[in-house]
Structure formats: C-alpha cells, structure tokens
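Colleague: structure, please.
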Amino acid sequence: MTQADYIIVGAGSAGCAMAYRLSEAGASVLIIEFGGSDVGPLIQMPAALSYPMNMPRYDWGYRSEPEPHLGGRRLATPRGKVIGGSSSINGMVYVRGHAGDYDHWASTGADGWSYADVLPYFKRMEHWHGAAPDSEEAAWRGTDGPLHVTRGPRRNPLFHAFVEAGKQAGYQVTPDYNGRQQEGFGPMEQTVYKGQRWSAANAYLRPALKRDNCQMLRGLARKVVIENGRAVGVEIERGGKVETLRAGKEVILAASSINTPKLLMLSGIGPAAHLAEHGIEVIADRAGVGQNLQDHLELYLQFASKQPITLFKYWNLLGKAMIGAQWLFTRTGLGASNQFESAAFIRSQAGVSYPDIQYHFLPIAVRYDGQAAAEGHGFQAHVGPMRSPSRGSVTLASADPKEAPKILFNYMSTDQDWEDFRRCIRLTREIFSQDAFKPYVKFEIQPGDDVQSDDALDDFIREHVESAYHPCGTCRMGRRDDPGAVVDPEMRVIGVDGLRVADSSIFPRITNGNLNGPSIMTGEKASDHILGRAPLQPSNAEPWNHPDWQNQQR
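Modeller: All right, here's what the predicted structure looks like:
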C-alpha cells in the first residue's frame, strides 16, 4: 500500500488509537513508523521498564540542550522508537489528569475539550479492572474499551504504609484518583494486563493491522507533501530510497511532541525566520510550532529501610533471573507489575484549587537507569510539581531529516519552580515522619538529614532533579485567530488544509500526572473529528474538589 484515505505518521499512543478507530469505520489507513518490533521480554515484562527507555534500539536517544538553570546539565528525553511509541517504553502508569486541567484548556481556546467533553472518551478507551461493575467508582470508568487498566497486588506492606502515612498527615484517601476524586493517597493504576505491558500497540495497533484496510510501513518521514496549500502525502525514506505516499483525504501527524514539530518545520510550517535560517520554503508562518514545550520534573526522596522487605533482595543476577523466569513461564510474580502500586496527588498549599504535586511510591531505592542509590534495603517516593510555569522549545538543528532537533526545556527558570520543589521535599519528609513509617525508616538516603536550608535544598534540586519524561505542548491547540496556536480545536493545522496533529504536542498546558492516558484519549477524540462525527455526548458528572481549598492545604 502506497496510498490510503489517511496517512498517520507515528505508531505511538495517539497514532495507534486513530489507526484502530479510522480502520474500524471502514477507511483505509497507512501508518508510518520508523521504529521496529516490540516483541521480547524487555518491553513486554512490566518490571523490566528501566531497560527499553535506555536502549538505542527502542529510544530515539534525545537529550536536552545544556539547561541554563540546572548548571548546564543535559537531561535525557526518551521517546519511543518502536511500535507503540512511548507507551512501549514508559513506566505504564495510568493517569487521566484532573478535571481542572481540561477545563483550563477549554478556557484558553480549546473549545470542546473541557472535562465534560473528554470524560466520555476516557471511558470509551478503558477496560477498567479496578472495582465491581456496579460500584460507585465504576460509574466514572469505562469497562469495555481496548485499553486494559489494572492495579498491582500491593502485597508489600510499604505500599500500605505510604497510604496510611498520608492519612496520618491529614490528607485525603481516595479509592480511585482517576475517578471522582483525584486528590489524596491510594492505589496506583497501570496499563498492564495478564502480567504483560498493555501498550497502545497491544491495545489498538495489533487489532487494527488484522483488518485488510490498515497497514504499517517502516520508514523515516522526511516531510509532509503539500500542494496548493493542501497536504496530499508524506515523503519517506526506506531501504535507502525516498518515495512519496499519497493520502486521499488527510495526513495526521502523531510523531510525539519532539518529532511532530520537527516534521512540521521540515515541511515549511513554523516560524518563518527560523525556517529561513535553514533554507526551508515557508508554506505557513506559524510562530507557535515548537514553542510552549513543557515537562514534569521530579526528585527521588530515598530512605534506608530497617527491615529487609524491599525489592533490593532481588537486585542481583540470581534474583532478576528468578523473577524473569517466573514471568516468562507464567506471566505472574514480581515481573508482572511495574512496582508503582501506591500513589498520591496533593495540593502544595492553601489557595491551590486542585492537586499540583504527584507521588509515585516504589519499594526500592533505585533510579530510572537501573542504578541503585545505595547498597542495602531502601524505598523512595518520586515527587514533583505538576504545573511548572517554565516553557521551552523544539527547534531545528538543520534541514536534514535525520538530524535530531534541538530541545531546550528551560527547566527551573522561575522562582516558583524552586519554591514548589522545596515545598515538595519538606512535605514529603513530613509524610515519611508519620507513625506508619516508624517501623521502616532507618535514615534518609537523599537528600540527607543535613540538607535543610533553602540554599542546600536548591543545590540538591539543581544536581538531582530529573525529567519524568512527559514532554508536551509544542503544537498548541487554540482558536484559529490565536497567533500562537498551531492547530484548532479539531486538531487541523492552521494555514494548511488536509493536515492534522494529534498527540501530546497539542496540549495547551500539561496535565496532572503521566501523559500516556491523555495522549491515547487525544487519538480517540481526534478520530471522531477526522471522520466528521458528532463528538460523544458531554458528561454531567461532578468531580470532587476540596470544599475549603482556599484556606486549607489538606
């Protein structure tokens, strides 16, 4: 197949969802994906999550430019280079985001993207395994969608200690942060099903490719082909040859918040002066392409454990081999969970209307790259602010499609960023000082008890803060008369016909928590717009907000 009704660039979270829905409707779909197969235990075994995001075979290997407010550090920016995209290399944490996130989108020009508008799409995509179908929580969730959402078994007592400590510190306990009430401590959800990573490839792409009208081609997308102001195809390179694939109806870019703006700019859509620097003919002067880049940063607060109950007992060759063997033969055991099984969303201070801090709890002290912080038993909380005011950019390094773009997040560029992170550390220390952790906390590994002053905390933050790998916002959605918007609320690129963007790059502002869920929802909603269908009926459900958020922090 070298032509189809729709060409989708990128078989990631949103791209897979669109391939499924568009082909389900009878349209012919051609998906272009540069990455290779996701077959193998390093991707499919949930506990092996630290491996694929550090492997050139599966990851584009991007790094930020030297970050001026982090001492010139260049932070890793993993993006999936494999079918399923980043849903095949991520931590499998499932978070919808808060209702306030989407209501903010709608208030800033993303008409039709309020929480009431997007909730039906979250429900359509989910197959939730969290509670009985007739429970109060189930009314907020979907039960027959392609994306299986489960919870870990929480057998380790530390998972329960984390939730109990939050309760003792005066915070809410929530049965389902993806349901009526996000705020509080409770079980964390994961895109894992029957012990296996349930990526967008497993949920959407494989079923779609079984249809005669859906096909995937491996190749590097070089640019969108635009004739007389309309996108008519995509130029790709595969097998050492350059060829053009033709789209009868539309081209849809779903190549990530890094590669989508790069591809737009290579196609002549972007800031005119920047395109001229690289000798690219300007098709549409859109100043917002590549701008508005956002991410979540996080720290690991780590504690040594008094009791030998953490995952450190398996942090050796024999232990890993035993876990791997059990998973390979039975899809059960520790290998069948990402080990993020308890979570929390809290507000940093009174006057914040909905949670702006997220926690992942992990019963081992270890980094994403698999390096243990200290020998011996320990555990950690990943903590970070959700709505940083800092903004960065993705720009071209050259007009060569094979060259990585320049990525500058401009992390920690405001006073608020530093204030928020100090508050994160101090609130976390308070949580771990509760009675629930008295049997377990031996001492603080990092930052360490001697790191107390604002200056000392800032030094620790500058040296140790890491990306949570949630880049977004680089093709911002807004009204067509908004000079900074790249796409309109139906995800049509402003200034070019027959071209849409549907991935996390369209987010006006980053959502609470991990972005895989909102990215898949974007693909689901985009499908209805592309097909010209009426959007799903808005929900009238009323989410919970703290009744006295103006005066109380918890």
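Colleague: for the closest residue to V465 other than its chain neighbours, give me its contacts.
Modeller: Take V465 and drop its neighbours on the chain: the residue closest to it by Cβ to Cβ, 6 or more residues apart in numbering is L297, 5.0 Å away. Bear in mind the C-beta positions are built from the backbone N, C-alpha and C, glycine included. Listed by Cβ atoms under 8 Å, 6 or more residues apart in numbering, the contact partners of L297 are G384, P385, S388, Y411, M412, F421, V465, E466, S467, A468.
Colleague: any idea how far D458 is from the second one?
Modeller: Spelled out, it's P385. Between P385 and D458 the computed distance is 15 Å (Cβ to Cβ, to the nearest Å).
Colleague: the two: which is more packed in?
Modeller: Each of P385 and D458 has its neighbours counted (other Cβ atoms under 10 Å); P385 has more, 20 against 15.
Colleague: hmm, back to that, most neighbours out of the contacts of L297, which is it?
Modeller: Counting neighbours by other Cβ under 10 Å, the top entry in these is F421, with 26 neighbours.
Colleague: distance between the longest helix along the chain and the chain's centre?
Modeller: Within the chain, and with DSSP state H defining each element, the longest helix by residue count is helix 415-432. Chain-centre distance of helix 415-432: 23 Å, with Cα atoms, centre = their mean, to the nearest Å.
Colleague: other SSEs contacting it?
Modeller: Counting by 3 or more Cβ pairs under 8 Å, 6 or more residues apart in numbering; DSSP states H and E, the packing neighbours recorded for helix 415-432 are helix 157-168, strand 297-305, strand 357-362, strand 378-385, strand 441-446, helix 454-464.
Colleague: how about the contacts of L297 in CSV, adding pLDDT and distance to G142?
Modeller: What follows is these, written out as CSV (pLDDT from 0 to 100; distance: Cβ to Cβ, whole Å):
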residue, pLDDT, distance to G142
G384, 98, 28
P385, 98, 29
S388, 98, 30
Y411, 98, 35
M412, 98, 37
F421, 98, 35
V465, 97, 35
E466, 96, 32
S467, 97, 30
A468, 97, 25
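Colleague: can you lay out those residues as a markdown table showing distance to D212?
Modeller: Shown next, in a markdown table, are those (distance: Cβ to Cβ, whole Å):
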| residue | distance to D212 |
| --- | --- |
| G384 | 45 |
| P385 | 48 |
| S388 | 46 |
| Y411 | 47 |
| M412 | 51 |
| F421 | 52 |
| V465 | 49 |
| E466 | 45 |
| S467 | 41 |
| A468 | 40 |
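Colleague: residues in contact with stretch 108-119?
Modeller: For stretch 108-119, the surrounding residues in contact (Cβ under 8 Å, 6+ apart) are 99-103, 105-106, 140, 477-479, 482, 485, 489, 508-509, 521, 525, 535, 538-541, 543.
Colleague: could you do stretch 324-342 as well?
Modeller: In contact with stretch 324-342 (Cβ under 8 Å, 6+ apart) are residues 41, 45-49, 91-93, 151-154, 156, 159-160, 162-163, 185-188, 190, 192, 194-196, 311, 314, 323, 360-364.
Colleague: can you check stretch 436-446 too?
Modeller: For stretch 436-446, contacts defined as Cβ under 8 Å, 6+ apart pick out 158, 161-162, 164-165, 168, 300-307, 309, 365, 373-374, 378-379, 429, 432-433, 449, 460, 464.
Colleague: what residue ranges in the chain score low on pLDDT?
Modeller: Within the chain, the stretches falling below the threshold (pLDDT under 70) are 368-374.
Colleague: output the longest strand belonging to it.
Modeller: Ranked by number of residues, the top strand in the chain under DSSP state E is strand 241-253.
Colleague: roughly how far out does that strand sit from the chain middle?
Modeller: Relative to where its chain is centred, strand 241-253 has its mean C-alpha point 27 Å off (Cα atoms, centre = their mean).
Colleague: check which helices and strands the next helix or strand after it sits against.
Modeller: If you walk from strand 241-253 toward the C-terminus, the next helix or strand you reach (DSSP states H and E) is helix 256-266. Contacting helix 256-266 under the criterion 3+ Cβ pairs under 8 Å, 6+ apart are the following elements: strand 220-227, strand 241-253, strand 393-395.
Colleague: just to revisit the earlier point, mind listing what's buried in the longest strand of the chain?
Modeller: Taking 16 or more other Cβ atoms under 10 Å as the neighbour-count basis, strand 241-253 is seen to contain the buried residues L245, A247, E250, V251, I252, L253.
Colleague: same check on stretch 393-413?
Modeller: Here stretch 393-413 shows 393-396, 401, 404-413 as buried, counting by 16+ other Cβ under 10 Å.
Colleague: nearest to R57 among those residues?
Modeller: For R57, the nearest member of those is A404. The distance, counting by Cβ to Cβ, is 16.5 Å.
Colleague: so that closest one is in contact with A397, correct?
Modeller: Yes - counting by Cβ atoms under 8 Å, A404 sits close enough to A397 to count as a contact (6.5 Å).
Colleague: give me the nearest residue to S519, chain neighbours excluded.
Modeller: S13 (3.9 Å).
Colleague: these two touch, right, the one you found and G523?
Modeller: Yes - because the distance of 6.7 Å satisfies Cβ under 8 Å, S13 is recorded as touching G523.
Colleague: am I right that I43 falls within a helix?
Modeller: Yes - using DSSP: H, G, I helix; E, B strand; the rest coil, the assignment for I43 is a helix.
Colleague: quick one: residues contacting it.
Modeller: Residues in contact with I43 (Cβ under 8 Å, 6+ apart) are P52, Y58, V82, G84, S88, I89, R197, S199.
Colleague: next one: it from V496, what distance?
Modeller: Counting by Cβ to Cβ, the separation of I43 from V496 is 35 Å.
Colleague: same check on R206?
Modeller: Taking Cβ to Cβ as the measure, R206 falls 32 Å from V496.
Colleague: so between those two, which is more surrounded?
Modeller: Under the neighbour definition other Cβ under 10 Å, R206 and V496 were set side by side, and V496 has more, 21 against 17.
Colleague: sorry, back to before: whichever of the contacts of stretch 436-446 end up buried, select them in PyMOL.
Modeller: Selection command for PyMOL covering only the buried members of the contacts of stretch 436-446, criterion 16+ other Cβ under 10 Å:
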select buried, resi 158+161+162+164+165+300+301+302+303+304+305+309+365+373+378+379+432+460+464
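Colleague: ok, S13 and G523, which is more surrounded?
Modeller: For S13 against G523, the residue with the higher neighbour count under other Cβ under 10 Å is S13, and the figures read 34 against 28.
Colleague: tell me the buried residues in stretch 350-366?
Modeller: Applying 16+ other Cβ under 10 Å to stretch 350-366 flags 352, 354-366 as buried.
Colleague: stretch 213-233 now?
Modeller: In terms of neighbour count (16+ other Cβ under 10 Å), stretch 213-233 has its buried residues at 213-219, 221-226, 231-233.
Colleague: now it, how far from the centre of its chain.
Modeller: Offset of stretch 213-233 from its chain centre (Cα atoms, centre = their mean): 25 Å.
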